[in-house]
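**Student:** After the sequence you'll find the predicted model.
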Amino acid sequence: MAAETAAPPSVAPAVELIPWELFEKKMASKGLSQAAVGAFKQNYEQLVAGVTGLVPEDDIEPVESLPNLEELHAASGVDLKSLLAQTAVLKLNGGLGTSMGLEKAKSLLVVKDGKTFLDLIAEQIKHTREQYGGRMPAVRWGQESESSMVGVCQQDGSQVRFILMNSFSTSDDTKAYLQKQHGDLLAERDVELLQNSSCKVDAATLKPAEYPADPEKEWAPPGHGDIYPSLLGSGMLDRLLADGIKYVFVSNSDNLGATLDVDLLAYFASEDKGFLMEVCKREPSDKKGGHLARRKADGRLMLRESAMCPDGDKDKFEDITRHKFFNTNNLWVNLAKLKATLDASNGVLKLPLIKNKKTVNPRDSSSEPVYQLETAMGSAIECFDDAGAVVVPRSRFAPVKTCNDLFALRSDAFKVTEASTVVLAGPATPLIKLDDKHYKLVDQLESLTLAVPSLIACKSLTVKGPVRFEDGVAIQGDVKLTNDTAAPLPVRSRTFKDEEVTLPQ
């Protein structure tokens, strides 16, 4: 019989790793950068400490007035070609559009005249380059060894740079589409900034969530605040600075109003600010959303979202005459000042935590509850001493978040210009309210929209029940269409004007 071997007395008994060590090991195995690990650690420490993030009204003061884009005219007399050569346009492209029933990158959705978001964005970039001359440095990919590829840069002039921030969910689809439709852009240096992954946290133990049936579900996107650790950890921030890029304009890929405005660029450069946020004036429909404010403690601008407002201050939070401005998520960042700010904070911007409680398998409500830790890029406004904001028209904030938005965009109420920008063709944006039971998802919308009706003269359209739009329909004024049956009823070759109609009629 074999004898038992006792452990040497000098060897301490094994102890369970503390939760943070478990996260660190898991992120190391994923190959995440130190910047990504540091950003997650800061979020995790806020979670463990129970940080509420509440900002009482007594701690802030309203922002009374701001510069207005329509009064700037800052581009007059400026060497725009030189300025654009120091600028990058970065589009956030990490979303799948799951709320609209999409399973690929949302930017690949056809939105207007047979073109996708990505088509229109790419054409806008190309138009700007043609307008101001010059070509981008291309990348000629050559085989250096059997195990690596090296890009050889052909420096043949420069123009505004183009970057897509993709997620692990959108990268492959987006690059495949670019290769097919806009291969010239895909060939450019640093066209992709890849978003990091964030560990899901077990809500009960605060340890890394586990899901052996599909380990990829143990990871989540970290929110668009990840742009800062992604730029730093990937080395792209240093490469852009080395290439002479000073300014980056960041916006969501589904906001077709967020185009590169040369007056804004010239203003941002002349003011020499580290960070500039485009804001719009709040309207009654915006009162539940966040607002811009100034923190009394240090005088810095900050964002206060609804979850950050104590219950006792809700009336002031929703007072749009007091807190007048909201964030459009169109941001301008001075890269040298971003680098200095990151260096001064050990590579991690101190952004407020956004804690989302979900299940580890989002399609299985019985799976284990988890926390997904995120940050928002706009909240970085409070990290810069010299941050500013500028009021822009609503036309620069036109995100497509629902099928109501998509239905209007695909109609004649909007048109595509020679510069591939999408602008309003009629007197006002029509207010569309389609029945969520029948139109919430893109495939539902398309099955009931064989032809998009004319909406150029429409003020509002409300649809209750399944109404199938066919050729020759025009909506004018305020119209409500109702189908009380379960079966889709068609409408064709008809103009509805300022009326409520119950079909069939």
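**Tutor:** That came through, no problem.
**Student:** Please point out which parts of stretch 43-58 sit buried.
**Tutor:** For stretch 43-58, the neighbour count (16 or more other Cβ atoms under 10 Å) marks N43, Y44, Q46, L47, V55, E57 as buried. From N, CA and C alone the C-beta is placed, and that goes for glycine too.
**Student:** what's the distance between the residue nearest to the last one when sequence neighbours are not counted and K480?
**Tutor:** The shortest distance from E57 to any non-neighbouring residue, by Cβ to Cβ, 6 or more residues apart in numbering, is to D313 (4.2 Å). With the distance defined as Cβ to Cβ, to the nearest Å, D313 ends up 38 Å from K480.
**Student:** go on, V333?
**Tutor:** Counting by Cβ to Cβ - V333 and K480 are separated by 45 Å.
**Student:** same deal with L185?
**Tutor:** 44 Å.
**Student:** Which one's more surrounded, the two?
**Tutor:** Legend: neighbour count by other Cβ atoms under 10 Å for L185 and K480, higher for L185 (18 against 15).
**Student:** give me phi/psi at that one?
**Tutor:** Per-residue torsions, L185: phi -70, psi -40 (degrees, to the nearest 10).
**Student:** Relative to E103, which of the buried residues of stretch 43-58 is nearest.
**Tutor:** Nearest to E103 among the buried residues of stretch 43-58: N43, at 27.6 Å, using Cβ to Cβ.
**Student:** give me the number of residues near the closest residue to the closest one other than its chain neighbours?
**Tutor:** Using Cβ to Cβ, 6+ apart and skipping residues adjacent in sequence, the residue nearest N43 is L373, 4.1 Å away. L373 sits with 23 neighbouring residues when counted by other Cβ under 10 Å.
**Student:** now K459
**Tutor:** Here the number of neighbours of K459 (other Cβ under 10 Å) works out to 17.
**Student:** That one belongs to a helix, doesn't it?
**Tutor:** No - using DSSP: H, G, I helix; E, B strand; the rest coil, the secondary structure at K459 is strand, not a helix.
**Student:** can you give me the helices for the stretch 1-150 of the chain?
**Tutor:** Ranges of helices within the stretch 1-150 of the chain are 19-30, 34-49, 80-84, 117-132, based on DSSP state H, counting those that start in this stretch.
**Student:** try the stretch 401-505 of the chain
**Tutor:** Counting by DSSP H, counting those that start in this stretch, the helices of the stretch 401-505 of the chain are 403-409, 436-439, 442-447.
**Student:** who are the neighbours in contact with D58?
**Tutor:** If a contact means Cβ atoms under 8 Å, 6 or more residues apart in numbering, then D58 has no contacts.
**Student:** still on that earlier bit, quick check: the residue nearest to E57 is in a helix.
**Tutor:** Yes - assigned with three-state DSSP, D313 falls within a helix.
**Student:** what number of residues lie near it?
**Tutor:** 19.
**Student:** what does P284 give?
**Tutor:** Counted with other Cβ under 10 Å, the neighbours of P284 add up to 8.
**Student:** Just want the phi and psi numbers for the closest residue to it other than its chain neighbours.
**Tutor:** Leaving aside its sequence neighbours, P284 sits nearest to I320 (Cβ to Cβ, 6+ apart; 6.7 Å). Dihedral pair for I320: phi -80, psi -10, per degrees, to the nearest 10.
**Student:** Show me what the residue positioned nearest the centre of the chain is bridged to.
**Tutor:** In the chain, the centroid-proximal residue (Cα atoms, centre = their mean) is N252; its distance is 4.0 Å. Listed by DSSP bridges, the beta-bridge partners for N252 are L92.
**Student:** quick one: it from L331, how far?
**Tutor:** From N252 to L331 the distance is 10 Å (Cβ to Cβ).
**Student:** again with F407
**Tutor:** In this view, F407 and L331 are 29 Å apart by Cβ to Cβ.
**Student:** now do H73
**Tutor:** Applying Cβ to Cβ to H73 and L331 gives a distance of 22 Å.
**Student:** Could you single out the nearest of the buried residues of stretch 43-58 to R295?
**Tutor:** Taking Cβ to Cβ as the measure, R295 sits nearest to V55 out of the buried residues of stretch 43-58, at 8.1 Å.
**Student:** Let me know the average pLDDT across the helix or strand where N330 lies.
**Tutor:** Assigned by DSSP states H and E, N330 belongs to strand 325-334. The average pLDDT within strand 325-334 is 97.
**Student:** Run a quick neighbour tally on T174.
**Tutor:** When neighbours are defined as other Cβ under 10 Å, T174 has 24 of them.
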